[in-house]
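Asker: give me a 3D structure for the following:
(one chain, ligands or ions: 1)
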Amino acid sequence: MHKQRSKRACPVCKSETSYFIKEFNFVLFDGHPMRDGYDLVHCSNCNFVYADTTITQHDLDDYYANLSKYESKSISTGGGYTTYDKERLIVTADYIHSQLPDLNKRILDLGCASGGLLKELKHLGYRNIAGIDPSIACVNITRREVQCDCFQFSLFDDYEETVGKFDLIILSHVMEHILDVDAAMNKLLGLLNPGGCVYIECPNASNYKNIVHSPFQEFNTEHINHFNLVSFVNLFSAYGFTKQHGGTKLMKLASNQDYDAVYSIFRRGSDKALSNAIGPDEHILSEIALYISRSEVIFEHMNRQINNALNWNGKIALLGIGQLAFKLLLNPTIQFDSDMLFLFDNNAMNVGKTINGIKVRPGEQIAELVEKYQFPIIITSTIFEKELREQLIKMFQNSKSIKPEIIGLSESIYVA
Ligand SMILES: [Zn+2]
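Answerer: Presented below is the predicted three-dimensional model:
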């Protein structure tokens with residue numbers, strides 16, 4: 001292992017050198033800025049694990065801004081939350097209340113999505129709450145459902161004068177997506193009242209190894225920073241914050257699967273307090289190595305399932321075009337030919353996009369195409385596998401002639 005100059009400085013300590021961990025490639029929607037993949041590295045100074053890439057925040061923001069033009073139809077129909085989402089948001093709101101009991105404090109949820117957490121905070125009696133989100137669909141839902149201030153901005157827009165200053169800023173599942181973490185931290189400083197606090201929550205990189213729903217799921221095109229309690233402290237102390245409290249928690253995904261998160265509350269101090277930094281993270285590298293080795297075994301098994309399916313007539317259909325499909329499409333046996341490969345997704349945002357020229361079609365077209373092409377169907381979402389399988393079985397239950405092969409990949413997780 002040799003030290004290398006990083007394409008992207010360490011988001012936590014700004015060191016310019018790192019050690020290579022593993023290369024990640026993806027077969028993505030045509031036009032996606034991360035089509036060349038990235039190297040996963042760890043900082044040579046603080047051990048922080050992150051995606052080392054030359055793409056810029058601007059490239060990413062442009063891509064997501066374009067996507068949001070199409071999202072309203074898929075979000076506005078949903079809007080509601082699953083029971084597990086609601087439970088998770090109530091736990092977070094109660095925790096914030098325990099740390100900041102004054103109901104008059106001004107609170108901002110930066111990246112508020114559809115306002116679920118703001119709704120629970122309002123329910124607890126907080127009177128001065130606001131949200132910011134780049135998606136107009138989300139902003140409209142928040143305004144309607146929570147009846148609080150909500151502004152449509154991207155994180156790095158100029159909105160300080162419009163929104164004012166806050167006593168608490170919530171960054172829940174935001175920081176793992178940010179390329180320019182330094183700019184984000186300076187944004188927080190510009191939005192906080194003296195003595196104000198930040199509540200931050202991210203997936204917990206130290207525990208990726210404990211729950212593998214899908215191989216390498218945390219190393220994807222969206223999560224490019226891998227935080228835990230140590231890196232939270234190292235990052236925030238470099239900007240003059242001190243840790244008030246924090247911990248880890250298991251939350252439930254929509255599908256009842258566990259998901260491990262790390263959270264902390266930091267208070268803004270008067271000076272930079274570098275002395276609070278913990279220093280190099282002693283455990284993260286072995287924790288990440290274990291996650292990678294567990295993922296590798298599962299990923300190989302999934303590729304064997306795909307190869308077996310392709311053995312039948314060389315054709316294949318994938319249902320559920322997301323992070324797992326982006327990795328499985330690297331399988332060299334798959335032919336990117338529109339008579340051989342078929343891509344389906346139920347999310348209106350993905351339908352119509354192309355991957356190496358192959359169009360993503362709505363799930364309801366499966367029946368018609370399977371009759372013509374006789375392909376096996378691989379469900380490429382482990383989280384929604386049960387629901388998707390039920391949908392397929394229903395689709396074919398009245399057909400005597402067509403009974404397509406339906407292959408779920410979560411088998412690989414249990415077998416491997
Ligand atoms: Zn570092």
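Asker: neighbours around the nearest residue to Ile284 once chain neighbours are set aside, how many?
Answerer: Counting by C-beta to C-beta, 6 or more residues apart in numbering, Asn47 is the residue found nearest to Ile284 once chain neighbours are left out, at 5.4 Å. Just so you know, the C-beta spots here come from the backbone N, C-alpha and C atoms, and that holds for glycine as well. Residues lying near Asn47 (other C-beta atoms under 10 Å) number 23.
Asker: again with Glu411
Answerer: Counted with other C-beta under 10 Å, the neighbours of Glu411 add up to 14.
Asker: ok, now His58?
Answerer: For His58, the neighbour count with other C-beta under 10 Å is 12.
Asker: did I read that right, it in a strand?
Answerer: No: secondary structure assignment (DSSP: H, G, I helix; E, B strand; the rest coil) places His58 in helix, not in a strand.
Asker: so how far is Ile21 from it?
Answerer: 26 Å (C-beta to C-beta, to the nearest Å).
Asker: for Leu318, same thing?
Answerer: Computed with C-beta to C-beta, the distance linking Leu318 and Ile21 is 28 Å.
Asker: the two: which is more packed in?
Answerer: Comparing Leu318 with Ile21 by other C-beta under 10 Å, the one with more neighbours is Leu318, at 27 against 19.
Asker: OK, contacts around that one?
Answerer: For Leu318, the contact set (C-beta atoms under 8 Å, 6 or more residues apart in numbering) comprises 325, 328-329, 341-344, 377-378, 380.
Asker: quick one: secondary structure of it?
Answerer: Following three-state DSSP, we place Leu318 in the strand state.
Asker: likewise Asp337?
Answerer: Assigned with three-state DSSP, Asp337 falls in the coil class.
Asker: ok, it - how many residues close by?
Answerer: Neighbours of Asp337 (other C-beta under 10 Å): 12.
Asker: and it, what pLDDT?
Answerer: Listed pLDDT for Asp337 reads 96.
Asker: tell me the spacing between it and the ion.
Answerer: From Asp337 across to the ion, the span is 45 Å (C-beta to the ion, to the nearest Å).
Asker: ok, now Asn104?
Answerer: 38 Å.
Asker: do you know the pLDDT at that residue?
Answerer: In this prediction, Asn104 carries a pLDDT score of 98.
Asker: wait, a helix at Ala183?
Answerer: Yes: judged by three-state DSSP, Ala183 forms part of a helix.
Asker: in space, what's closest to Thr56 - neighbours in sequence excluded?
Answerer: Using C-beta to C-beta, 6+ apart, the nearest residue to Thr56 is Leu179, at 6.9 Å.
Asker: report pLDDT for the one you found.
Answerer: 94.
Asker: my guess is it contacts Arg8. True?
Answerer: Yes: using C-beta atoms under 8 Å, Leu179 is in contact with Arg8, at 7.2 Å.
Asker: any residues in contact with both of those two?
Answerer: Counting by C-beta under 8 Å, 6+ apart, the common neighbours of Leu179 and Arg8 are Thr53.
Asker: and Phe299, how many residues sit next to it?
Answerer: 22.
Asker: how about the contacts made by it?
Answerer: Neighbours of Phe299 in contact, by C-beta under 8 Å, 6+ apart: 215-216, 327, 412.
Asker: from the residues you listed, pick the one nearest the ion.
Answerer: Using C-beta to the ion, Phe216 comes nearest to the ion of the contacts of Phe299, at 22.3 Å.
Asker: close enough to count as contact, the closest one and Phe326?
Answerer: No: using C-beta under 8 Å, Phe216 is not in contact with Phe326; the gap is 10.3 Å.
Asker: which residues sit against stretch 375-394?
Answerer: 213-214, 253-255, 257, 305-306, 309, 312-313, 315-322, 324-325, 328, 342, 346, 363, 366, 369-370, 404-410, 413.
Asker: which among these count as buried?
Answerer: 213-214, 253, 255, 305-306, 309, 315-322, 324-325, 328, 342, 346, 363, 366, 370, 404, 406-410, 413 (16 or more other C-beta atoms under 10 Å).
Asker: so which of the residues you listed belong to strands?
Answerer: In strands, defined here by DSSP state E, the members of the buried ones among the contacts of stretch 375-394 are 316-319, 342, 406-408.
Asker: now distance to the ion and pLDDT too, for those, in TSV please.
Answerer: Formatted as TSV, these follow (distance: C-beta to the ion, whole Å; pLDDT from 0 to 100):
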residue	distance to the ion	pLDDT
Ile316	42	97
Ala317	43	97
Leu318	37	97
Leu319	40	97
Phe342	44	98
Ile406	46	95
Ile407	42	95
Gly408	40	94
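Asker: where's whichever residue of the stretch 301-416 of the chain sits closest to the ion relative to Asn356, distance?
Answerer: Nearest to the ion in the stretch 301-416 of the chain, going by C-beta to the ion, is Gln323, at a distance of 25.6 Å. Computed as C-beta to C-beta, the Gln323 to Asn356 distance reads 17 Å.
Asker: those two - which one has more neighbours?
Answerer: Remark: of Gln323 and Asn356, Gln323 carries more neighbours, 21 against 13, as counted by other C-beta under 10 Å.
Asker: if we ignore the residues flanking it in sequence, what's nearest the more buried one?
Answerer: Distances taken as C-beta to C-beta, 6+ apart put Asn220 closest to Gln323, at 4.2 Å, once the chain neighbours are dropped.
Asker: endpoints of stretch 178-198, how far apart?
Answerer: End-to-end span of stretch 178-198 (C-alpha to C-alpha, to the nearest Å): 16 Å.
Asker: okay, buried residues for that stretch please.
Answerer: Residues 178-181, 184-185, 187-188, 191-192, 196-198 are the ones in stretch 178-198 that count as buried (16+ other C-beta under 10 Å).
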